[in-house]
Each structure stands twice: as structure tokens, then as C-alpha cells.
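Student: Sequence plus predicted model, see below.
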Amino acid sequence: MNTTYDERLAAFSRERLDGHPVPDDLRVLLTAHWEGRDDFAHLLGLEFFEEGELHPFLDTGYLSEAELADPEMQAVNAGVARMVEYVQLVAKGGKGF
């Protein structure tokens, strides 16, 4: 592992992978992205999540106060919050991949 990115990879692991090791293929893509060599990610339409970026399934910023107060929507949001415990997203986009 390139020591230049050890801390960033460790932070990514903690934040996006619940502390699990970053797989080799993802490590290569992330390192290339951080070095500005993102042709492959661009080809696939990938945007890696930045540190501190909210999990997209937990983003309720687009909901109105009435929607947030609705019991059915609250149940949906609670279900999504539980599901997110098992889904580790590392990028958005992907042109359908």
C-alpha cells in the first residue's frame, strides 16, 4: 500500500466499509482517483463518496416537513436506516453498472 494514502484508505474503510479492509480493486481505483488519474472511473461514470458525505439512502433533505412527519414515511425511513447497516456504498453513478 502506498503510505501516501494509508490514512485516507483507513478513513475510507472506517466510514464506508465498517472497518473492513479496502479490496484491492477499490484501493487501485481510489488511489488513481486521488491522484487525478480517473479515466476509468469517468468511463464508468463513477463518483466516489468523499469523507463525511451522507449515505445517499439516509439523505432525507428532499422531503418536506409534512412528509417527514407522515407515519408511513417515518416507517420507510426507519426501514431504510436498518437496511443501510448492511449496504456499503462507495460510489454513485455508474451508468447502470
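Tutor: Good, I have the coordinates.

Student: Show me which positions of the helix or strand bottoming out on mean pLDDT in the chain end up buried.
Tutor: Least confident element among the helices and strands of the chain, by mean pLDDT, DSSP states H and E: helix 39-44 (a mean of 80). Neighbour-count burial for helix 39-44 flags 41, 44 (criterion: 16 or more other Cβ atoms under 10 Å). Where C-beta positions appear, they are placed from N, C-alpha and C, glycine not excepted.

Student: Where do the helices of the chain begin and end?
Tutor: Applying DSSP state H to the chain gives helices spanning 6-16, 24-34, 39-44, 65-69, 71-84.

Student: Can you lay out those helices as JSON lines showing distance to residue 92?
Tutor: Formatted as JSON lines, the helices of the chain follow (distance: least, Cβ to Cβ, whole Å):
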{"stretch": "helix 6-16", "distance to residue 92": "12"}
{"stretch": "helix 24-34", "distance to residue 92": "13"}
{"stretch": "helix 39-44", "distance to residue 92": "11"}
{"stretch": "helix 65-69", "distance to residue 92": "23"}
{"stretch": "helix 71-84", "distance to residue 92": "14"}
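
Student: ranking those by mean pLDDT, which is last?
Tutor: Across the helices of the chain, the stretch with the lowest average pLDDT is helix 39-44; it has a mean of 80.

Student: which other helices and strands contact that helix?
Tutor: Here helix 39-44 touches helix 24-34, going by 3 or more Cβ pairs under 8 Å, 6 or more residues apart in numbering; DSSP states H and E.
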